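K.L.:
predicted model, plus sequence, below.
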Amino acid sequence: MLSGNEALVRGLTAARMKRAWSFPGSPLTRLEMLLDAHKPPSTVTHRYAVNEHVAMSLALGGALLSGNNTCALMKHVGVNVALDTLATFGVVNELRSACLLLEGVDPAPKTSQNAQDNRSTLADVAHLAQLEAAAPDELYHLTRVAVGASLRTNMPMLLRTGTRGLELKAPVNELPPDLPDTSAAFSRSGGPYICTAGSYRFHVEKRARRLAQLQPLVDALCVQSGAIGEGKHAVIVAGHLGARAQARAWARRLPTLRLGASWPLPRARLIEFLRGRDNVLVLEEGAPFLEHAIQALAHREGLSCRVRGAGGARPLSLDDDRLELTLGRFGGRVRAEADVMPRDAVSWRAIYDAAAGIGVDDGEPWPLFVARTRAQMKGFAAADPRLTLLRALRGLERPTMLVADPGNTGVLGIRERLIDVKMHMGSAAPIAGALSEALEMEERSGAGAPLSVALIGDTNHYHSELLGVLDNAIARREVLHVLVVNRRSEMTGGVKTPYLADDALEAQLRSAGLQVATAQLEDPGLGSAVAYAASRSGPRALVCYSAQDAKSDPDSDG
């Protein structure tokens, strides 16, 4: 017998997950504490991050390394903090390892300030595949299924669950663990790993193809009671409500279809189930996400059935009493309660086979897209001192991985292969931290491992990078933070946003535990300053000041 929390730890371990980051919050706190204890059988290294934005950036950034499966854990309101990460980096399909987002939902709410439902946002904005689990066996197996699907599609996967499944105790039929991954490694052959205005459409179109390839998997996750076409009234049960909710509907002789994914929808199974019905009740907690999506599906397919939800005030929480009240209003003759219908070994085998059957993407490969579009990218003017800075970083004796924020300096460095990664606001420090942490744990020696460099503009430092810099400092990660200070937001018309004075900025960094060196961008000795900063160990910063406010060339402005 395992609790849902224990089953999740077993699932993450069996899936060869290496690293997990989180910010504490119920209903996942107990799980995070289990992972943080790092006791057998868990082999997952867990760290708390300063917030969910940093945790999600660490997880996605770490998955850019082959052989480095990663996970981020957060409660539903934490998704607000991580949404900028998910809206940009979350749509990138070029991950080299699996990345799993585990969301703990609190629909009542019981321990949260609100009961928001993120399914629609994560489907529309992050284009994120979403599986749902409500029992220990589902948490164990769907964790492994999601990790396998992420590896085959090179995109992150979401697993939603709540207190119902995490605290329940039930038997779990565990399977042999997956084969161990190779050591963590970073490759520039598929890079640079970027999401820009010019590449966003590529990522979204590829994501649509990848989501379509999940259809056999989400179809296999459905559990049906009653024969096809049996009865004019039927019930669709959301995956997070679990087998017990399905059993309550079947006890009233109402044919039911329980889903295992909220996005993408199992279209073929739903159309088959809806055809010939008069009335279909959708049981779900939170917002009427499935209700509206299934109504739209029925309309597009020309089906005449009426699809409706449980009604009542939103957000909606469905405990046993509310389920019985809702089903009683819908109809159906009560009989002795039907058995709970968990997925059996045959069903799980079919699910694993569906995940294993995901093929390669048939669209243009990412390296070819980059090669085709690189010449169209804007670059630095020949005399721009930042070009000297980036070339000095790339020319270090120790190999470097340059991760830039989405400001002008990072954007202009892509064309000349001076930038390896550029994603969302606030991403440079945590992505560099994740790459460094994984490689240092693999290499141990440190001297031979590539140096992770976070290239940060001063505007973005205050806007969103600061917490990632602090997280690297607290964790003592081997990261060189290069701050380019020109005291203006160059990407947005040269607007001057609030800044600390130079001495206050340096004091802030030192107080956080970073070793701080300074340099002038126009100084002929800039390369020596870069080499000195790189030669030091631990978290450090090189603050590069411009002798005057940067005057960018209009033709080279990103």
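P.N.:
Received it, and whenever you're ready, just let me know what you need. Numbers count the residues shown, from 1 in each chain.

K.L.:
quick check, Leu542 in a strand?
P.N.:
Yes - according to DSSP: H, G, I helix; E, B strand; the rest coil, Leu542 belongs to a strand.

K.L.:
what number of residues lie near the closest residue to it other than its chain neighbours?
P.N.:
Spatial nearest neighbour of Leu542, excluding adjacent residues (Cβ to Cβ, 6 or more residues apart in numbering): Ala533 at 4.0 Å. From N, CA and C alone the C-beta is placed, and that goes for glycine too. As a burial measure, Ala533 scores 24 neighbours (other Cβ atoms under 10 Å).

K.L.:
so who does Ala533 touch?
P.N.:
For Ala533, the contact set (Cβ atoms under 8 Å, 6 or more residues apart in numbering) comprises 480, 482, 517, 540-542.

K.L.:
which secondary structure element is home to it?
P.N.:
Assessed by DSSP states H and E, Ala533 sits inside helix 526-535.

K.L.:
tell me the mean pLDDT over that helix?
P.N.:
Here helix 526-535 scores 96 as its mean pLDDT.

K.L.:
got the buried residues for that helix?
P.N.:
526-527, 529-530, 533-534 (16 or more other Cβ atoms under 10 Å).

K.L.:
does Arg19 touch Thr45 like I think?
P.N.:
Yes - between Arg19 and Thr45 there is a contact under Cβ atoms under 8 Å: 5.1 Å.

K.L.:
these two - which one has more neighbours?
P.N.:
Arg19 (24 against 17).

K.L.:
and the gap between the more buried one and Leu35?
P.N.:
In this structure, Arg19 and Leu35 are 10 Å apart, going by Cβ to Cβ, to the nearest Å.

K.L.:
repeat that for Gln215.
P.N.:
Where Leu35 is concerned, Gln215 sits at a distance of 32 Å (Cβ to Cβ).

K.L.:
so for these two, which sits in the more crowded spot?
P.N.:
Higher neighbour count among Gln215 and Leu35: Leu35, with 25 against 16, using other Cβ under 10 Å.

K.L.:
surely that one touches Arg47?
P.N.:
No - look at Leu35 against Arg47 with Cβ under 8 Å: they stay out of range, at 9.4 Å.

K.L.:
what residues are shared contacts of these two?
P.N.:
Shared contacts of Leu35 and Arg47, defined by Cβ under 8 Å, 6+ apart, comprise Ala20.

K.L.:
can you pull out the low-pLDDT segments for the stretch 351-500 of the chain?
P.N.:
Applying pLDDT under 70 to the stretch 351-500 of the chain flags the ranges 440-448.

K.L.:
need the strands for it, in chain order.
P.N.:
For the stretch 351-500 of the chain, the strands defined by DSSP state E, counting those that start in this stretch occupy 400-404, 421-422, 451-457, 479-485.

K.L.:
in PyMOL, select just the buried ones from the contacts of Ala533.
P.N.:
Buried subset of the contacts of Ala533, written as a PyMOL selection, criterion 16+ other Cβ under 10 Å:
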select buried, resi 480+482+517+540+541+542
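
K.L.:
quick check, nearest of the contacts of Ala533 to Ala87?
P.N.:
Val482 (25.8 Å; Cβ to Cβ).

K.L.:
buried residues in the helix or strand of the chain with the lowest mean pLDDT?
P.N.:
When the helices and strands of the chain are compared on mean pLDDT, DSSP states H and E, helix 428-443 comes out lowest with a mean of 82. Neighbour counts over helix 428-443 (16+ other Cβ under 10 Å) mark 428-440, 442 as buried.

K.L.:
picking up where we left off before, pick the one among the contacts of Ala533 closest to Thr373.
P.N.:
Val482 (26.1 Å).

K.L.:
that closest one pairs with what?
P.N.:
Leu455, Leu542 (DSSP bridges).

K.L.:
residues contacting it?
P.N.:
389, 393, 453-456, 533, 541-542, 544.

K.L.:
for Ala392, see how far away Val44 is.
P.N.:
Taken as Cβ to Cβ, the span from Val44 to Ala392 is 38 Å.
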